[in-house]
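Engineer: My questions concern the predicted model and sequence given below.
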Amino acid sequence: MQNKRTLTDDRLVATYANGDNEAFDILLCRHQARIYSYIFSVVKNRNIADDIFQETFVKAIMTIKQGRYSETGKFGAWISRIAHNLIIDYYRQEKSESLVSVDECESDMLNRRDFSDPTVEDQMIGDQITDDLRKIINLLPENQREVLQLRYYKDMSFKEIADLTNVSINTALGRMRYALINMRRIAEHHDISLTA
């Protein structure tokens, strides 16, 4: 393990592409502070920064595993560009969701349901969604369920999850990714809507 830490980013990428997950852990440790700091400095919200950070490294993992990485000697710049593009995507999505013309609205903009106290119906719907979510989570494989619960219910970082579960950060990220994919499939299969 110690001699791998002296490898260049490119050698680590190649080693990881050949199936050595430890190599990606070293890359992650080498670049995570800088990438996370950059993301957080732009979005200024820890939860959003966590999500974009996770997505950045999941995207990197998928690109390398699919043999599409070709940035020789520029891993740091490449991973920064992925993070930057995901930040732009986040803001585009935010903008498209919040762009509403007051002229198009016939009712008072402040007279909205999300600004008022929840009704009994809202509470019942919320309880149903929570119950459905719990059922879906219980259908996940044990290792995926564990990572998801530690991340969202215990608010642990992927480094803390990796240490606690005795796996690499790469494995913890992968399990989270597959947990979210499987949850969507289970919800679709059982025709469950997780939004009010």
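Structural biologist: Ah, there it is. Residues are numbered from 1 along each chain as shown.
Engineer: got the domain boundaries for this structure?
Structural biologist: 1-99, 116-196 (automatic domain parsing).
Engineer: any weak-confidence spans in the protein?
Structural biologist: 1-2, 97-119, 121-122, 194-196 (pLDDT under 70).
Engineer: Which stretches in it count as strands?
Structural biologist: Under the criterion DSSP state E, strands are not mapped anywhere in the chain.
Engineer: Do a quick rundown of the helices in it.
Structural biologist: When assigned using DSSP state H, the helices of the chain occupy the ranges 9-17, 21-43, 46-65, 75-98, 120-138, 142-152, 158-165, 169-189.
Engineer: how deep is the closest residue to Arg46 other than its chain neighbours tucked in, by neighbour count?
Structural biologist: Spatially, and ignoring its direct neighbours in sequence, Arg46 is nearest to Phe40 (7.0 Å; Cβ to Cβ, 6 or more residues apart in numbering). To be clear about C-beta, it is placed using only N, CA and C from the backbone, and glycine gets the same treatment. The tally of other residues near Phe40 (other Cβ atoms under 10 Å) stands at 16.
Engineer: Kindly provide the distance from Phe40 to Asp89.
Structural biologist: Distance, Phe40 to Asp89, by Cβ to Cβ, to the nearest Å: 17 Å.
Engineer: hmm, back to that, rebuild the helices of the chain as CSV, extending it with distance to Asn3.
Structural biologist: Listed next are the helices of the chain as CSV, based on distance: least, Cβ to Cβ, whole Å:
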stretch, distance to Asn3
helix 9-17, 11
helix 21-43, 11
helix 46-65, 21
helix 75-98, 19
helix 120-138, 41
helix 142-152, 30
helix 158-165, 21
helix 169-189, 19
